[in-house]
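Student: structure for the following, please:
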Amino acid sequence: MGTVKKEILIGVLVALAATAAGCYLYIEYFSKVGFSETLQLIEEGDLYGKILSIAAIPNLFVFFIFIKKNQDNRAKGVLLTCILIALFTLILKFV
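Tutor: Sure, this is the predicted structure:
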């Protein structure tokens, strides 16, 4: 695997981890009910797209950290993941 592809893959994996962490933090700290109840409310209300779009906010910080450290290929991976999350959110909205 080329070094550029490896760096982009690292950016994608870091962005996915940041999105998962953002989702967990949003559900855990901003929900008024417990974690499992919140997951049930998300499923019942079909709110996956909204939660996913809010959970992608930490990718902004990760992106700027990679840009500041001159790790442009990792930042490209984060940007690619953000675009994929946006497309997935769009698909969830209309399905």
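Student: for this protein, what spans make up the helices?
Tutor: With DSSP state H as the criterion, the chain has helices at 3-30, 35-45, 48-55, 58-68, 72-94.
Student: flag every buried residue along the second one.
Tutor: This means helix 35-45. Residues Thr38, Ile42 are the ones in helix 35-45 that count as buried (16 or more other C-beta atoms under 10 Å). (Each C-beta comes from the backbone N, C-alpha and C, glycine too.)
Student: list the helices and strands it packs on?
Tutor: helix 3-30 (3 or more C-beta pairs under 8 Å, 6 or more residues apart in numbering; DSSP states H and E).
Student: now the helix it packs on against helix 72-94, angle please.
Tutor: Put simply, helix 3-30 runs at 50 degrees to helix 72-94, going by axes from the mean of the first three to the mean of the last three C-alpha atoms, to 10 degrees.
Student: against Lys50, how distant is the most centrally placed residue in the chain?
Tutor: By C-alpha atoms, centre = their mean, the chain has its centre lying nearest to Thr19, at 2.7 Å. Thr19 sits 14 Å away from Lys50, going by C-beta to C-beta, to the nearest Å.
Student: what do you get for Thr3?
Tutor: Distance from Thr3 to Lys50, by C-beta to C-beta: 37 Å.
Student: could you list the low-pLDDT ranges of the protein?
Tutor: Low-confidence segments of the chain (pLDDT under 70): none present.
Student: swap the cut-off to 90 and go again
Tutor: Applying pLDDT under 90 to the chain picks out residues 1-2, 26-36, 39, 42-43, 45-53, 92-95.
Student: can you get me a residue count around Val4?
Tutor: 11 (other C-beta atoms under 10 Å).
Student: contacts only, for the closest residue to it other than its chain neighbours.
Tutor: Closest residue to Val4 apart from its sequence neighbours, by C-beta to C-beta, 6 or more residues apart in numbering: Asn73 at 5.5 Å. Asn73 sits next to Val4, Glu7, Ile8, Gly11 when contact means C-beta atoms under 8 Å, 6 or more residues apart in numbering.
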